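Visitor: starting from these lines, generate the structure:
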Amino acid sequence: MIKELHQFIKSLRESRGMSQQEIADKLGMSRPSYISVEQGKKELTLSEAQKISNIFGISLKDMETRITPDYEKYKEMILSFLRFFSANGDGKIPKTKLAKLIYLADFAWFYEKMESMSGMQYRRIQHGPVPDSYFRALDELEEDGRISRDNKKSDIILISENQGSKKEKLSLIKKEELELIKKITKKWQNKKTREIVSFTHGQLPYKLCSPDEIIPYELIIQEDPEYVY
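Guide: Down below sits the predicted model:
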């Protein structure tokens, strides 16, 4: 069920473990004023809505649809690809290539099931489709000691999962979803980053959207099956 906006904002805050005072401070309003927002008694201005979307790492479109992206599951998708790559190599993936792999998984799952794995919103940027919170997710995984970044090469940042993290169970991803991730890994394991970037740029979702626009999942349905991933 899609929640009312004030309920949606409250659920986002609670899912992030943040207090009402923290959000109020970030919005530059008093706690009582923010409580009125969560109670549905106070409407947000456009600038306040933008601030909230930035705080929670979602787009204004997410705010409009009020469908909550599963941010923690998105991070598990990152770790899943790193584990599959590790099983067949050194487990190091260029940051840009990793972003594209996760995009392919989300949109391929939508192609098959009419829903994405994570519910994240992907933006059409120069180097391909990526959620606004991708880089924040990498920062958090690194801060938690779950991944490492190797940027010895100035033009490439390699991402790998830390050994200790591999013992953790990825509980949010279903077996069938893992199978799709495995298939995508097998196809792109030995391909260059420029090849997967070229592939995603050639897909209809990317071609039909304007720069910086959020890419609707529904566009992938128009794609030929062999070009889904």
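
Visitor: does H201 touch I125 like I think?
Guide: No - judged on CB atoms under 8 Å, H201 makes no contact with I125 at a distance of 10.9 Å. For glycine as for every other residue, the C-beta is placed from the backbone atoms N, C-alpha and C.

Visitor: quick check: what element follows the lengthiest helix in the chain along the chain?
Guide: With DSSP state H applied, the helix covering the greatest number of residues in the chain is identified as helix 95-113. Scanning forward in sequence from helix 95-113, with DSSP states H and E defining helices and strands, the next element found is strand 122-125.

Visitor: figure out how far that next one is from the centre of its chain.
Guide: The offset between the C-alpha centroid of strand 122-125 and the centroid of the whole chain comes to 11 Å, using CA atoms, centre = their mean, to the nearest Å.

Visitor: quick check: what element follows it along the chain?
Guide: strand 128-131.

Visitor: which strands and helices sit next to that following strand?
Guide: With contacts defined as 3 or more CB pairs under 8 Å, 6 or more residues apart in numbering; DSSP states H and E, the packing partners of strand 128-131 are helix 95-113, strand 122-125, helix 193-202, helix 204-207.

Visitor: quick check: mean pLDDT of it?
Guide: Across strand 128-131, pLDDT averages out at 90.

Visitor: show me where the chain has helices.
Guide: With DSSP H as the criterion, the chain has helices spanning 5-15, 20-27, 31-38, 46-56, 60-65, 71-87, 95-113, 134-143, 175-188, 193-202, 204-207.

Visitor: follow-up on the earlier one: out of the helices and strands packed on strand 128-131, indicate the one that is most buried.
Guide: Stretch with highest mean neighbour count among those: helix 95-113 (a mean of 22; mean count of other CB atoms under 10 Å).

Visitor: what are the C-alpha coordinates of the lowest-mean-pLDDT helix or strand in the chain, in CSV please?
Guide: None of the helices or strands of the chain scores lower by mean pLDDT, DSSP states H and E than helix 60-65, at a mean of 73. Below are the C-alpha coordinates for helix 60-65, written out as CSV (Å, rounded to 0.1, in the frame of the first residue of the first chain):
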residue,chain,number,x,y,z
LEU,A,60,11.8,13.9,-5.7
LYS,A,61,10.2,11.3,-7.9
ASP,A,62,10.4,8.8,-5.0
MET,A,63,8.7,11.5,-2.9
GLU,A,64,5.9,11.7,-5.4
THR,A,65,5.3,8.0,-5.8
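
Visitor: contacts for it next, please.
Guide: If you take CB atoms under 8 Å, 6 or more residues apart in numbering as the criterion, helix 60-65 is touched by I2, L5, F8, A49, Q50, I52, S53, T68, P69, Q121, I214.

Visitor: and if you look at stretch 90-106?
Guide: Among residues not part of stretch 90-106, those counted as contacts by CB under 8 Å, 6+ apart are 74, 77-78, 81-83, 85, 116-118, 120, 122, 127-130, 134, 138, 149-150, 156-161, 177, 180-181, 184-185, 188, 193, 196-197, 199-200, 217, 228-229.
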